[in-house]
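1. sequence unknown, structure follows:
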């Protein structure tokens, strides 16, 4: 049976959801350290992106969910390693919190998710190496890095992987969970 493509798409990505208590700590730090910088737009939703799929036909969402459901992962202990300004060279566009990838577990999960989606031609893996980070702000116009106080986030555990739909709004992206996959 062939499927007809309606042309309707969703902008999708796969991410690990931060625990709510960690989100609150990050929110407080954003308000104290980043909000005073008018050149920044704070991220309203913080998460660890594993794969950004871009615009995907709505009909393919069940295939994505099936591929992600097949990925098994254990809960992952994570520490915040520090603040990053990205990209590494040139004017900065993003302020992020780098995550300490203990033993490569986050990179392994990202590689497994990437491979599962790529095998179904739902995702084209990126050429650059995976960098475990959480975006906390974006520059309105590319600019220089600046001094920040360290963020003190206690070690936390990632237990959920989420397929999100993302709608770009004037104030920033609005992310809606479509499916949740829990660590086993």
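-> The structure has been received and is ready for your questions. In this text the structure is predicted, and so the values were computed from the model without any measurement.
2. from here on, contacts and neighbour counts on C-alpha atoms
-> OK.
3. chain center to whichever strand or helix holds residue 140, what's the gap?
-> Secondary structure assigned from DSSP states H and E places residue 140 in strand 133-143. Centroid displacement of strand 133-143 relative to its chain, using CA atoms, centre = their mean, to the nearest Å, is 13 Å.
4. show me what counts as buried in that strand.
-> Residues of strand 133-143 classed as buried by neighbour count (16 or more other CA atoms under 10 Å): 133-139, 142.
5. just the closest of these to residue 20, please.
-> residue 134 (14.3 Å; CA to CA).
6. isn't that closest one up against residue 99?
-> Yes - between residue 134 and residue 99 a contact is recorded at 7.5 Å, counting by CA atoms under 8 Å.
7. how much space separates residue 134 from residue 8?
-> Summarising the geometry, the distance separating residue 134 from residue 8, computed by CA to CA, to the nearest Å, is 29 Å.
8. relative to residue 158, how far out is the residue nearest to residue 157 when sequence neighbours are not counted?
-> Computed as CA to CA, 6 or more residues apart in numbering, the closest residue to residue 157 that is not its neighbour in sequence is residue 77, at 4.4 Å. From residue 77 over to residue 158 the distance is 6 Å, taken as CA to CA.
9. more crowded one of those two?
-> The residue with more neighbours, out of residue 77 and residue 158 and counting by other CA atoms under 10 Å, is residue 158; that gives 19 against 15.
10. residue contacts, the closest residue in space to the more buried one that isn't next to it in sequence?
-> Across the structure, with CA to CA, 6+ apart as the measure, the residue nearest residue 158 apart from its sequence neighbours is residue 76 (5.1 Å). When the contact criterion is CA atoms under 8 Å, 6 or more residues apart in numbering, the partners of residue 76 are 105-106, 157-159.
11. fine by me, we can end here.
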